[in-house]
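Peer 1: What follows is a protein structure lacking sequence information:
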């Protein structure tokens, strides 16, 4: 099976712009979660989608949004970029059930740099 | 709300020695616990998980973790460290129901030859 793929892998944007990141989960996985990774804060949970519905949301401002399509692919959008948004954005997919099947599989990430 | 603490930012160990990476958690109800490893410029890779059953969980690459309910800990261990084990290790916890997976801040393991 192909793993989780994320596009693009690297991105440079200017403050004030917006950006869209894409994630394709492992075939058959219905849950997609997004995380922001920075050296100082570690891995911070952004949101989780399951069957096109947002199931959980982390403590991020409304500039961060996401969606999931019927084929389970997901996108996240960040509007009005700030310098502090520079980070590695990781996507993870799982079967979506609780407990035993909750094991997540991560993509390689998208490195976003805001200048 | 659930949380995870990894009290050590960095752990150094000599090759061949046993290693321990510490993790404590806080969650309502029964916890689901995970360890992941991240190599440079890569995403996270799953190592092992505890859902229920034996307190000692065995995982990939010779790693194991011990679940201690009274101490709310889930420390990662390996009997003999390899230089190739050098990486960033994350502990994560999930509570019951539709709660998200919450990660600790990570511990950088450095195995010295």
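Peer 2: Nice, thanks for sending it over. Just so it is clear, the structure is predicted and the values come from calculations on it, not from any experiment. Numbering: from 1, shown residues only, chains lettered A, B, ... in the order given.

Peer 1: Chain B: strands as residue ranges?
Peer 2: Secondary structure of chain B (DSSP state E): strands at B:3-5, B:10-14, B:19-21, B:24-26, B:32-38, B:44-50, B:56-58, B:64-68, B:73-78, B:87-94, B:102-103, B:107-112.

Peer 1: List the contacts of residue 64.
Peer 2: Using chain A. Contacts for residue A:64 (Cβ atoms under 8 Å, 6 or more residues apart in numbering or on different chains) come out as A:46, A:47, A:76, A:77, A:78. Yep, even glycine has a C-beta here, placed from its N, CA and C like the rest.

Peer 1: not quite, I wanted chain B
Peer 2: By Cβ under 8 Å, 6+ apart, the contact list for residue B:64 reads B:48, B:56, B:57, B:58, B:76, B:77, B:78.

Peer 1: Which pLDDT does the model give it?
Peer 2: Note on residue B:64: pLDDT of 97.

Peer 1: distance of it from residue A:53?
Peer 2: Using Cβ to Cβ, to the nearest Å, residue B:64 is found at 37 Å from residue A:53.

Peer 1: Tell me the bridge partners for residue A:92.
Peer 2: For residue A:92, the beta-bridge partners under DSSP bridges are residue A:33, residue A:106.

Peer 1: So what's the residue count around it?
Peer 2: Neighbour count for residue A:92, taken as other Cβ atoms under 10 Å in any protein chain shown: 26.

Peer 1: ok so, going back, which of the contacts of residue A:64 has the most neighbours?
Peer 2: Greatest neighbour count in those, by other Cβ under 10 Å, goes to residue A:78: 25 neighbours.

Peer 1: And the strands in chain A?
Peer 2: Ranges of strands in chain A, per DSSP E, are A:5-7, A:10-13, A:19-24, A:31-38, A:42-50, A:53-57, A:64-68, A:74-78, A:87-94, A:105-106, A:110-114.
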